[in-house]
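In: Below are the sequence and a predicted model; questions follow.
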Amino acid sequence: RESWASDSSDSVISSGSDSDSNLYKVILLGEHGVGKTSLARIFGGVEDCSDAEEAGNTYNRSIIVDGEEASLIVFDIWDQWLQNHCMKMGDAYIIVYSVTDKVSFEKASELRIQLRRARQTEDIPIILVGNKSDLVRSREVSVDEGRACAVVFDCKFIETSAALHHNVKDLFEGIVRQIRLRKDSKED
Ligand code: GDP
């Protein structure tokens, strides 16, 4: 079982810090029930404490990626907020579907298109996530289909299991790397 906190405790610098220069807003998009909240809570390190105080739907945390600190504010607000607003406010997006739900996969493509429309001129970092990879027997979307979709939509792809904590750390590190790649190419 992969645990973000225990296998890399030194990567957690602070909670709730707002050192602004490296503060990135990451928005989770996707159908209801695909696992957005579960992923966000693992990122925030709160998912195992059922009696922990709910911090709302945003999770602020600093992590070290490739030796450099980055602060992410992860927004799990897609189901509640004005969706138009979500499409405009993010520095990066995580589009989640469930590998056990073909409809959520089709919805992910729609979201990618909506996002492209809302942010036409920008090259925003996006990772397409096939979650619930642990549910092998009820899988409806293959890894290859997920990967192919990401190629078409020109974004990164990863399969995760929030239930097993599998690849969740890689997902959030990946989004930081994607943000940095674009930032660096802009500065050149
Ligand atoms: P959201 O509506 O997208 O925020 O989805 P939630 O995070 O609330 O998850 C919906 C349901 O799916 C909950 O019952 C979760 O426990 C379950 N779930 C989320 N991620 C996984 C996963 O990776 N594997 C399994 N087996 N269940 C998951």
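Out: Arrived safely.
In: Can you mark which positions in whatever helix or strand Gly174 lives in are buried?
Out: Using DSSP states H and E, Gly174 falls within helix 168-187. For helix 168-187, burial by neighbour count (16 or more other CB atoms under 10 Å) applies to 168-169, 171-180. In short, each C-beta sits where N, CA and C put it, glycine included.
In: how about these, which pair is most distant?
Out: The distance between the two most remote of the buried residues of helix 168-187 (CB to CB) is 19.5 Å, for Val168 and Arg180.
In: Does anything pack onto the helix or strand hosting Asp144? Which helices or strands?
Out: In the assignment (DSSP H and E), Asp144 maps to helix 143-152. Under the contact definition 3 or more CB pairs under 8 Å, 6 or more residues apart in numbering; DSSP states H and E, helix 143-152 sits against helix 102-118, strand 126-131, strand 156-159.
In: near the ligand at all, the last one?
Out: Read it as strand 156-159. No: Strand 156-159 stays clear of the ligand (CB under 6 Å from any ligand atom), getting no nearer than 9.6 Å.
In: sorry, back to before: tell me which residues in the helix holding Asp144 are buried?
Out: Across helix 143-152, burial judged by 16+ other CB under 10 Å covers 146, 149-150.
In: Can you name the residues of the chain that neighbour the ligand?
Out: By CB under 6 Å from any ligand atom, the residues of the chain that approach the ligand are 30, 32-38, 131-132, 134-135, 161-163.
In: my guess is Ile95 meets Ala108, correct?
Out: Yes: taking contacts as CB atoms under 8 Å, Ile95 lies within contact range of Ala108: 5.0 Å.
In: Tell me the secondary structure at Val26.
Out: strand (DSSP: H, G, I helix; E, B strand; the rest coil).
In: Compute the distance between it and the ligand, please.
Out: In this view, Val26 and the ligand are 15 Å apart by CB to the nearest ligand atom, to the nearest Å.
In: Mind listing the residues bridging to that residue?
Out: Beta-bridge partners of Val26, counted by DSSP bridges, are Val74, Ala92.
In: Against the ligand, how distant is Glu140?
Out: When distance is defined by CB to the nearest ligand atom, Glu140 is 14 Å away from the ligand.
In: Going forward, the N-terminal residue is numbered 3.
Out: Understood, numbering begins at 3; the last thing we discussed is Glu142.
In: Report pLDDT for that residue.
Out: pLDDT for Glu142: 98.
In: any idea which element the residue most central in space within the chain lies in?
Out: Centroid-nearest residue in the chain: Ile96, 3.7 Å away (criterion: CA atoms, centre = their mean). With secondary structure defined by DSSP H and E, Ile96 is part of strand 94-100.
In: before we move on, what about Gln82?
Out: Going by DSSP H and E, Gln82 is not part of any helix or strand.
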